[in-house]
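> sequence unavailable; structure follows:
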């Protein structure tokens, strides 16, 4: 870490001081979150050093190298990092992203066989490989050397010549995503550039890694570089230079992910080609194509979420399970997340096809997907983490699964308490001072703030009653987008708290503080 403070703890305005105290209750440790995160030296772990030496040998021997990635943003960006670095060394480096729908996740035996047939001597996985035991056996049988780079959990060490994983690296690298693992390998080889750092930082945000150690430094430095180098790849997707990790999450990452989700409509390998391309004349139409695919993804997701909500007739606290043969398996997770957010319940949406079910589950904060699903042993595949999971199910297991779901006791969602503030705390300088705490993310999430017993001067609905603006006596605006039906006629006298996240609104040269609401708490509310 650099040790240089971005803001003196004693100079913090009340908003930043309250939020920092919430995130780091120990006053003795608070200053470290105000330090400028500096990159740690390249990992000197034996696993990284030895794998880097194998890559250098490939350069010396002019071997053909194939990089096998994953279809999400982390895998796509990691594949671009490693492929681009190898090509700059003069290596004939190919890459392959599997088709999410036809091939599924991870390294496949078919990919290994094709690589061997095309004369590749070294195969390197990125963001996958720890569970690809059959494919790794096929690689060994075909005479391919394999380097597995991954960050997912594993029960047994993959049978590969070289294995690079955060658990084999020093403590600062514990929370690396797949692309960041590939970046560390490139750093150890001495081939890294600012561009690869940017991609590793974007991928770290995309995979929602814990923002500590090297991950925090990567995100911070990537955003710094995006503000000074004007990288065309990210700028064209965002429409501007992203200033924060939130900008990346909303403006860039969904577009990269959309190519993997809609693999029946577009080839996810085109995303890697985009990030490897250096010709701006080619980049512009590619970026436009990616943006158009993402717009299609958004439309499909909204339609699926609306259809699922219309079919929802049951009340209660149990798991919502809905299925359809018309649903796209690349979109069900997004629609499940939307329905989960709207209902506050655990949601499973499944795409039914002749071969079985592909399902995605999303749960509210405080509930663990994998723990809930652990009681059923009829899945043909299961993976995920606390808030999101995916699984496959044979057609003849449906009734057993539905019966089992009816017995599942879903624990109540535990929503994190907001930070209580005064309306006067929300000023433009105070909100902008929060940048001294960035990057926010997993393990250091920007909390919601709450104004209790607000003095509301007036309430105005807009956009056909879809949204609502609460104006407080001191002039602060609190905006509720897509308000629930129950709030449309809610009088100010019943409101006990306004909860949301601070924002700076810039409109027609006017700059104002805002509170973007997630909850309007009433006197008779149980939330």
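It's in. Keep in mind the model is a prediction, meaning the values are calculated, not measured. Numbering: from 1, shown residues only.
> next up, the contacts around the residue nearest to residue 116 when sequence neighbours are not counted.
Leaving aside its sequence neighbours, residue 116 sits nearest to residue 142 (C-beta to C-beta, 6 or more residues apart in numbering; 3.8 Å). All C-beta spots, glycine's among them, are computed from the backbone N, C-alpha and C. Going by C-beta atoms under 8 Å, 6 or more residues apart in numbering, residue 142 touches 112-113, 115-116.
> what about the strands in the stretch 101-250 of the chain?
122-126, 145-149, 162-164 (DSSP state E, counting those that start in this stretch).
> residue nearest the middle of this protein, spatially speaking?
residue 206 (3.3 Å; C-alpha atoms, centre = their mean).
> verify the contact between that residue and residue 256 for me.
Yes - using C-beta atoms under 8 Å, residue 206 is in contact with residue 256, at 7.1 Å.
> got the residue ranges for the helices in the stretch 51-200 of the chain?
Listed in chain order, the helices of the stretch 51-200 of the chain (DSSP state H, counting those that start in this stretch) span 73-88, 109-117, 133-142, 178-189, 194-206.
> quick one, the shortest one and strand 145-149 angle?
Orientation check (axes from the mean of the first three to the mean of the last three C-alpha atoms, to 10 degrees): helix 109-117 against strand 145-149 gives 130 degrees.
> how far does helix 109-117 sit from the chain's center?
Distance of helix 109-117 from the chain centroid (C-alpha atoms, centre = their mean, to the nearest Å) equals 30 Å.
> picking that back up, would you turn the helices of the stretch 51-200 of the chain into a markdown table with mean pLDDT and distance to residue 398?
As requested, those are exported to a markdown table (pLDDT from 0 to 100; distance: least, C-beta to C-beta, whole Å):
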| stretch | mean pLDDT | distance to residue 398 |
| --- | --- | --- |
| helix 73-88 | 98 | 31 |
| helix 109-117 | 95 | 29 |
| helix 133-142 | 96 | 27 |
| helix 178-189 | 98 | 33 |
| helix 194-206 | 97 | 33 |
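> which one, of those, ends up nearest to residue 49?
Checking the helices of the stretch 51-200 of the chain against residue 49 by C-beta to C-beta gives helix 178-189 as the closest, at 6.1 Å.
> who does that closest one touch, helix- and strand-wise?
helix 46-60, helix 73-88, strand 122-126, strand 145-149, strand 162-164, helix 194-206, helix 213-229 (3 or more C-beta pairs under 8 Å, 6 or more residues apart in numbering; DSSP states H and E).
> list the helices and strands the second one packs on?
Using 3+ C-beta pairs under 8 Å, 6+ apart as the contact criterion, the elements in contact with helix 73-88 are helix 46-60, strand 64-68, strand 92-96, strand 122-126, helix 178-189, helix 194-206, helix 253-261, helix 269-276.
> can you list the ones you listed in CSV and add distance to residue 296?
What follows is the helices and strands packed on helix 73-88, written out as CSV (distance: least, C-beta to C-beta, whole Å):
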stretch, distance to residue 296
helix 46-60, 38
strand 64-68, 27
strand 92-96, 24
strand 122-126, 27
helix 178-189, 25
helix 194-206, 20
helix 253-261, 8
helix 269-276, 14
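> and the biggest helix by length in the chain, which residues are buried?
Assignment by DSSP state H gives helix 280-311 as the longest helix of the chain. Buried residues in helix 280-311, counted by 16 or more other C-beta atoms under 10 Å: 283, 286-287, 290, 293-294, 297, 300-301, 304-305, 307-308.
> what's across from residue 95 in the sheet?
Per DSSP bridges, the residues bridged to residue 95 are residue 67.
> the closest residue to residue 297 other than its chain neighbours: what's it in contact with?
Spatial nearest neighbour of residue 297, chain neighbours left out: residue 258 (4.2 Å); criterion: C-beta to C-beta, 6+ apart. Neighbouring residues of residue 258 by C-beta under 8 Å, 6+ apart: 290, 293-294, 296-297.
> please identify which of the strands of the stretch 101-250 of the chain is closest to residue 380.
strand 122-126 (22.7 Å).
> how far away is residue 159 from residue 133?
To residue 133, residue 159 is 7 Å away according to C-beta to C-beta, to the nearest Å.
> ok, residue 113 next?
16 Å.
> which one of the two is surrounded by more residues?
Using other C-beta atoms under 10 Å as the criterion, residue 113 and residue 133 rank with residue 113 on top: 16 against 13.
> residue 135 is in contact with the more buried one, correct?
No - at 9.5 Å, residue 113 does not count as touching residue 135 under the criterion of C-beta under 8 Å.
> show me where pLDDT drops low in the stretch 301-450 of the chain?
Along the stretch 301-450 of the chain, segments meeting pLDDT under 70 span 314-316.
> how many neighbours does residue 516 have?
Neighbours around residue 516, by other C-beta under 10 Å: 15.
> err, residue 234, not the other one
Residues near residue 234, counting by other C-beta under 10 Å: 27.
> swap in the one 5 residues further on?
A total of 12 residues lie near residue 239 under the criterion other C-beta under 10 Å.
> tally up the residues packed near the residue lying closest to it once chain neighbours are set aside, please.
Closest residue to residue 239 in three dimensions, ignoring its sequence neighbours and counting by C-beta to C-beta, 6+ apart: residue 251, at 6.7 Å. Neighbourhood size, residue 251 [other C-beta under 10 Å]: 15.
> before we move on, what about the one 3 residues further on?
Burial measure for residue 254: 19 neighbouring residues, criterion other C-beta under 10 Å.
> shouldn't it be in contact with residue 297?
Yes - assessed by C-beta under 8 Å, residue 254 is found in contact with residue 297 at 7.5 Å.
> quick revisit: in TSV, list the strands of the stretch 101-250 of the chain along with mean neighbour count.
Listed next are the strands of the stretch 101-250 of the chain as TSV, based on neighbours: other C-beta atoms under 10 Å:
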stretch	mean neighbour count
strand 122-126	30
strand 145-149	25
strand 162-164	24
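> could you dump these to TSV with mean pLDDT?
Formatted as TSV, the strands of the stretch 101-250 of the chain follow (pLDDT from 0 to 100):
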stretch	mean pLDDT
strand 122-126	98
strand 145-149	98
strand 162-164	98
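> residue boundaries of the helices in the stretch 301-450 of the chain?
Under DSSP H, counting those that start in this stretch, the stretch 301-450 of the chain gives helices at 332-343, 369-373, 398-405, 428-433.
> of all those helices, which one is nearest residue 129?
helix 369-373 (21.0 Å).
> for that closest one, which helices and strands make contact with it?
Using 3+ C-beta pairs under 8 Å, 6+ apart: helix 369-373 touches strand 356-362, strand 379-384, strand 388-393.
> doesn't residue 32 make contact with residue 5?
No - using C-beta under 8 Å, residue 5 is not in contact with residue 32, being 9.6 Å away.
> packing partners for the helix or strand containing residue 515?
Using DSSP states H and E, residue 515 sits within strand 510-522. Secondary-structure packing of strand 510-522 (3+ C-beta pairs under 8 Å, 6+ apart): helix 428-433, strand 449-452, strand 477-480, strand 495-507.
> can you lay out these as JSON lines showing distance to residue 191 and mean neighbour count?
Shown next, in JSON lines, are those (distance: least, C-beta to C-beta, whole Å; neighbours: other C-beta atoms under 10 Å):
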{"stretch": "helix 428-433", "distance to residue 191": "37", "mean neighbour count": "16"}
{"stretch": "strand 449-452", "distance to residue 191": "44", "mean neighbour count": "20"}
{"stretch": "strand 477-480", "distance to residue 191": "47", "mean neighbour count": "21"}
{"stretch": "strand 495-507", "distance to residue 191": "40", "mean neighbour count": "17"}
